[in-house]
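Visitor: build me a model:
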Amino acid sequence: MYGFVWEFSKDSRSSTGYSVKMLIDKPEAEFRILDVKEEVFNLQFDPVYQFPLIGESLFYINQDKNGVVTGFFDAMKSHCNAVYTFGSPKTIASVVKIGEGYIEFTDLAEQFAEGRLVYYHDYKKLNAREIQRGTRISLSRDVRVYCLDWTKNETTFSRIDLDYLKRVLGDNVYWMTLYNFSSDNEDFNCLTVTRNYKKDENSFLGDLAKLHLSKEQLTSPRTG
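Guide: As a prediction, this is how the structure comes out:
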């Protein structure tokens, strides 16, 4: 079971005294409140989640026989076949085009080569192949799409559909992650995007892991 953390709570109804509300990644997304171990509750305070925040990660949820969450595992690192994750100050519409059942990469390789593409360590992970102009990846028929909208001061994902994504792709959408959870086919099953305030399209950020920028530097409105 996979999901996004919505919020943690101290909960007298929980068998452990702690719970988490999560948006569960299923064909029909749903919210669930799950009992968690204290060490899972305390993950929200771990410096590793100072930025990106814990609510921005898609987690595989590990539970014991009683349904208590005993751990979260980053789906990107532990349960995926292939992942692309990247940003562009010129918006995601400048590097991809969404078609019927596929995503085509347009200027992604070019922006990466010139240092304009934004990423953590690399834009492709696990078994994701190199991208050239015109490279296409297929989407599963039941692909799920989620959006994190910083302009609404939200720190958690909400479910959207592909039509909505197509409409906003060039409207302050600056980050995209594509997940392939299946090892026996090339279809990508889950997409996430981040909307933000308008950015300087001429900026060159490159590898964010080397910059140590704060949440405020990455998400606050630009002036001037």
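Visitor: and the residue nearest to the spatial centre of the chain, helix, strand or coil?
Guide: Of all residues in the chain, the one closest to the mean position by C-alpha atoms, centre = their mean is T192, 4.5 Å from it. When classified by DSSP: H, G, I helix; E, B strand; the rest coil, T192 comes out as strand.
Visitor: so what's it up against?
Guide: Contact analysis of T192 by C-beta atoms under 8 Å, 6 or more residues apart in numbering lists 58, 145-148, 157, 176-177, 179. All C-beta atoms are positioned from the backbone trio N, CA, C, and that covers glycine.
Visitor: distance of it relative to G115?
Guide: The gap separating T192 from G115 is 24 Å, by C-beta to C-beta, to the nearest Å.
Visitor: please apply the same query to M176.
Guide: Distance, M176 to G115, using C-beta to C-beta: 19 Å.
Visitor: try G55
Guide: G55 is 29 Å from G115, by C-beta to C-beta.
Visitor: neighbour-wise, which of those two wins?
Guide: Between G55 and G115, counted using other C-beta atoms under 10 Å, the more crowded position is G55 (19 against 11).
Visitor: could you report the pLDDT at the more buried one?
Guide: pLDDT for G55: 89.
Visitor: now it, what are its backbone angles?
Guide: When read as degrees, to the nearest 10, the backbone of G55 gives phi -70, psi -10.
Visitor: before we move on, the earlier item: closest to G3 out of the contacts of T192?
Guide: The closest of those to G3 turns out to be L58 (C-beta to C-beta; 7.5 Å).
Visitor: endpoint to endpoint, stretch 92-107 covers what distance?
Guide: 10 Å (C-alpha to C-alpha, to the nearest Å).
Visitor: for that stretch, give me every contacting residue.
Guide: Against stretch 92-107 from outside (C-beta under 8 Å, 6+ apart): 86, 88, 108, 111, 117, 131-139, 141, 162, 165-166, 169-170, 173-176, 178, 188, 193.
Visitor: let's see it at 7 Å
Guide: Applying C-beta atoms under 7 Å, 6 or more residues apart in numbering, the contact partners of stretch 92-107 are 88, 108, 111, 131, 133-139, 162, 165-166, 169-170, 173-174, 176, 178, 193.
Visitor: next one: that stretch to chain centre, how far?
Guide: 17 Å (C-alpha atoms, centre = their mean, to the nearest Å).
Visitor: same check on stretch 165-181?
Guide: Stretch 165-181 has its C-alpha centroid displaced from the chain centroid by 9 Å (C-alpha atoms, centre = their mean).
Visitor: just the C-alphas of that stretch, formatted as PDB.
Guide: Only the C-alpha atoms of stretch 165-181 are listed here, as PDB (Å, rounded to 0.1, in the frame of the first residue of the first chain):
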ATOM      1  CA  LEU A 165      -2.800  18.300 -15.700                       C
ATOM      2  CA  LYS A 166      -2.800  19.200 -19.400                       C
ATOM      3  CA  ARG A 167      -4.500  22.500 -18.700                       C
ATOM      4  CA  VAL A 168      -2.100  23.600 -16.000                       C
ATOM      5  CA  LEU A 169       1.200  22.100 -17.200                       C
ATOM      6  CA  GLY A 170       2.500  25.400 -18.500                       C
ATOM      7  CA  ASP A 171       0.900  27.400 -15.700                       C
ATOM      8  CA  ASN A 172       3.400  27.500 -12.800                       C
ATOM      9  CA  VAL A 173       4.000  23.800 -12.800                       C
ATOM     10  CA  TYR A 174       7.700  23.500 -12.100                       C
ATOM     11  CA  TRP A 175       8.300  19.900 -11.000                       C
ATOM     12  CA  MET A 176       7.200  16.400 -12.200                       C
ATOM     13  CA  THR A 177       7.800  12.900 -10.900                       C
ATOM     14  CA  LEU A 178       6.900   9.800 -12.900                       C
ATOM     15  CA  TYR A 179       6.700   6.400 -11.300                       C
ATOM     16  CA  ASN A 180       6.700   2.900 -12.900                       C
ATOM     17  CA  PHE A 181       5.800   0.400 -10.200                       C
END
